[in-house]
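**Student:** Predicted model follows, preceded by the sequence.
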Amino acid sequence: MGKVDCIVIGGGVVGTLILDELAKTNLNAILLEKENDVASGASRANSGIVHAGYDCVPGTNKAKFNVEGNALMWKLVEELHVPAKQCGSIVVAPKEGLKGIQELYDKGIKNGVKVEILDREKTLKIEPNISKDIEYSLYAPEAGIVSPYKLTIAATDRAILNGAKVVLEANVNKLAYNNGEWTVWSTNGIYKAKYVINCAGAGAARINDLAGACHYETEFRRGDYFVLDSTEGKAVSTVIFPLPTEKGKGILVAPTADGNVIYGPTSVATTEGDTATTLDGFAEIKKNVALTYDKPNFRKIIRTYAGVRTIVGHDFIVEYSDVVPSFIQILGICSPGLSSAPAIAKYVIKLLEEKEEVKYKDDIVQLPKKKKLLELKDDELNALIKENEAWGRIVCRCEKITEAEIVQAIHSPLPATTVDAVKRRTRAGMGRCQGGFCGTRVIEILARETGKTISEIKKDMGESQIAISRIKED
């Protein structure tokens, strides 16, 4: 394709929100993602917590972007129809932890965050199921939860509707700057642009090296999680944190925006891409959950998973490179990266305004809200079934997802082409049976709607085909 204004490298929540913001302006943009869907890295294995910003060191990029991002998030999720809830959070501590609670409170006040120190009696009114040893908490009512992968996908869909382009399976392997423009070589084409915006997450340091920008040493830490059945959702009212340590915010207990509960994460030094869960990690979660939460229910675990966070130094890096021109480098976006993403996207536009005339469009196309079976009244559902019988066929029994909803996902602006891509968009396969009932039916629908054979349909990334061939087929 011809030259564009901006190439965004990386389809995580930061990259897609930047693309969405660029699509609202006069600047042409394209996003290159190495996998076969967006939200394929840290953005799908994220806790989904919208942090208030009380624990960030005052004056840092983390503090600035976290507080600003939290303020922007709640309008954004309404616009994009993304599951979210501003349920607040508490950091809990026993009697000897009061000093740590006070230190967090002082940071929060400096960062402009609404926080309050509560005794046990007041804490129990917010979260009745805290551990018996808890005496104090720091309450942040502006914190909340969001679906990280649905936010990433919805931002991508709106960006496409407003003219942005997304190229998947485009792993960047070479960059060069000549005569005022960047050339980017990928496994799915060669692209040219005035600016490159590097938000490749775990691969951001590698992209910097390819571009000849500053080299950054990168640390990776794996976090294991338990996912509990949605029947546990009623037991947890808010996000429960222990006092943070040098390793991070600690093992939390939290509701999810889609109705489940999560316990985790651990924090284990690892290498890029290591998402294997471990028995040691599970044991650590079980040990630490009981320190803050009085009613852990490990019988209700329906899934385990792990994500990898990327750490570059002690702060977020969001700036122009001072080594190569027209190259915006965004590195080390670990926690609170999800919370900060809306503000980082706005800031990138400000960086571009230093060198370009950026104008916002008057006619931004908003993402239409997709119909969902569980949100329909009986008369609405009956009317839809008369128009399209697929609304009457439930594919995922656990989550009550119809064939029509799966077809909607497959034909989204950024189409779902794998079983897990359908799952992230619709929740088909995210219930108690984890796809045991609906998985084969989803494969059949994907094959029919995409014109592929069943053996070509993948579960997720790489060579993850589920059906290899027909029985007794040569």
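**Tutor:** Yep, it's here.
**Student:** what residues does stretch 413-425 touch?
**Tutor:** Stretch 413-425 is contacted by residues 36-39, 44, 149-150, 153, 156-158, 160-161, 166, 406, 409-410, 412, 428-430, 435, 439, 442-443, 446, 450, 457-461, 464, 466 when judged by Cβ atoms under 8 Å, 6 or more residues apart in numbering. C-beta here means a position set from N, CA and C on the backbone, and glycine is covered the same way.
**Student:** Counting neighbours, what do you get for the closest residue to residue 325 other than its chain neighbours?
**Tutor:** Nearest non-adjacent residue to residue 325, counting by Cβ to Cβ, 6 or more residues apart in numbering: residue 177, 6.4 Å away. The number of residues packed near residue 177 is 15, by other Cβ atoms under 10 Å.
**Student:** partners of the helix or strand residue 177 falls within, with directions?
**Tutor:** Per DSSP states H and E, residue 177 falls inside strand 172-178. Taking DSSP bridges as the criterion, strand 172-178 pairs within the sheet with strand 181-186 (antiparallel).
**Student:** and the partner strand, average pLDDT?
**Tutor:** On average, the pLDDT along strand 181-186 is 98.
**Student:** got it, and stretch 270-285?
**Tutor:** 95.
**Student:** With stretch 443-456 instead?
**Tutor:** The average pLDDT for stretch 443-456 rounds to 96.
**Student:** quick one, phi psi at residue 66?
**Tutor:** Note on residue 66: its backbone torsions stand at phi -60, psi -50 [degrees, to the nearest 10].
**Student:** ranges for the strands of the stretch 151-300 of the chain?
**Tutor:** 165-167, 172-178, 181-186, 189-198, 219-228, 239-241, 252-255, 261-264, 268-270 (DSSP state E, counting those that start in this stretch).
**Student:** So which of those strands is nearest residue 91?
**Tutor:** Evaluated over the strands of the stretch 151-300 of the chain, closeness to residue 91 peaks at strand 239-241, with 4.5 Å, by Cβ to Cβ.
**Student:** Quick one: mean pLDDT over that closest one.
**Tutor:** pLDDT averaged over strand 239-241 gives 98.
**Student:** Pull the residues that contact that strand.
**Tutor:** With Cβ under 8 Å, 6+ apart, strand 239-241 has contacts from 49, 87-92, 127, 130, 143-145, 249-250, 252-255, 292-293.
**Student:** Can you read off the backbone torsions of residue 357?
**Tutor:** Torsion angles, degrees, to the nearest 10, at residue 357: phi -90, psi 110.
**Student:** what sits against it?
**Tutor:** residue 26.
**Student:** Please repeat the previous calculation with a cut-off of 10 Å.
**Tutor:** Contact analysis of residue 357 by Cβ atoms under 10 Å, 6 or more residues apart in numbering lists 25, 26, 27.
**Student:** Quick check: closest non-adjacent residue to the second one.
**Tutor:** The spatial neighbour of residue 26 that comes closest, neighbours along the chain excluded (Cβ to Cβ, 6+ apart), is residue 359 at 4.8 Å.
**Student:** residue ranges with poor pLDDT in this protein?
**Tutor:** 1, 247-248, 473-474 (pLDDT under 70).
**Student:** which stretches of it form helices?
**Tutor:** Applying DSSP state H to the chain gives helices spanning 13-23, 61-80, 98-110, 120-126, 148-161, 204-211, 279-292, 337-353, 378-387, 403-410, 419-426, 439-450.
**Student:** Out of the contacts of stretch 413-425, which end up buried?
**Tutor:** Buried subset of these (neighbour count, 16 or more other Cβ atoms under 10 Å): 36-39, 44, 149-150, 153, 156-158, 160-161, 166, 406, 409-410, 412, 428-430, 435, 439, 442-443, 446, 457-461, 466.
**Student:** just checking, residue 320 touches residue 347?
**Tutor:** No: Residue 320 sits out of contact with residue 347 when judged by Cβ atoms under 10 Å, with a separation of 11.6 Å.
**Student:** one step back: any chance of the helices of the chain in CSV, with distance to residue 181 too?
**Tutor:** Below are the helices of the chain laid out as CSV (distance: least, Cβ to Cβ, whole Å):
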stretch, distance to residue 181
helix 13-23, 17
helix 61-80, 29
helix 98-110, 43
helix 120-126, 54
helix 148-161, 22
helix 204-211, 13
helix 279-292, 46
helix 337-353, 15
helix 378-387, 49
helix 403-410, 36
helix 419-426, 33
helix 439-450, 35
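**Student:** Figure out which of those helices is closest to residue 369.
**Tutor:** Closest to residue 369 of those is helix 61-80 (Cβ to Cβ; 9.3 Å).
**Student:** the inter-axis angle of that closest one versus helix 98-110?
**Tutor:** 70 degrees (axes from the mean of the first three to the mean of the last three Cα atoms, to 10 degrees).
**Student:** what angle separates helix 61-80 from helix 13-23?
**Tutor:** Using the same axes, to 10 degrees, the direction of helix 61-80 lies 60 degrees away from that of helix 13-23.
**Student:** from the chain's centre, how far out does helix 61-80 sit?
**Tutor:** Relative to its parent chain, helix 61-80 has a centroid offset of 14 Å by Cα atoms, centre = their mean, to the nearest Å.
**Student:** That one vs helix 148-161, what angle?
**Tutor:** Counting by the same axes, to 10 degrees, helix 61-80 lies at 70 degrees to helix 148-161.
**Student:** residues of helix 61-80 that come out buried?
**Tutor:** For helix 61-80, burial by neighbour count (16+ other Cβ under 10 Å) applies to 61-70, 72-74, 76-77, 80.
**Student:** helices or strands next to that helix in the packing?
**Tutor:** helix 13-23, strand 49-50, strand 84-85, helix 98-110, strand 144-146, helix 148-161, strand 317-320, helix 337-353 (3 or more Cβ pairs under 10 Å, 6 or more residues apart in numbering; DSSP states H and E).
**Student:** Return the most buried member of the ones you listed.
**Tutor:** helix 13-23 (a mean of 29; mean count of other Cβ atoms under 10 Å).
**Student:** Done for today, thanks.
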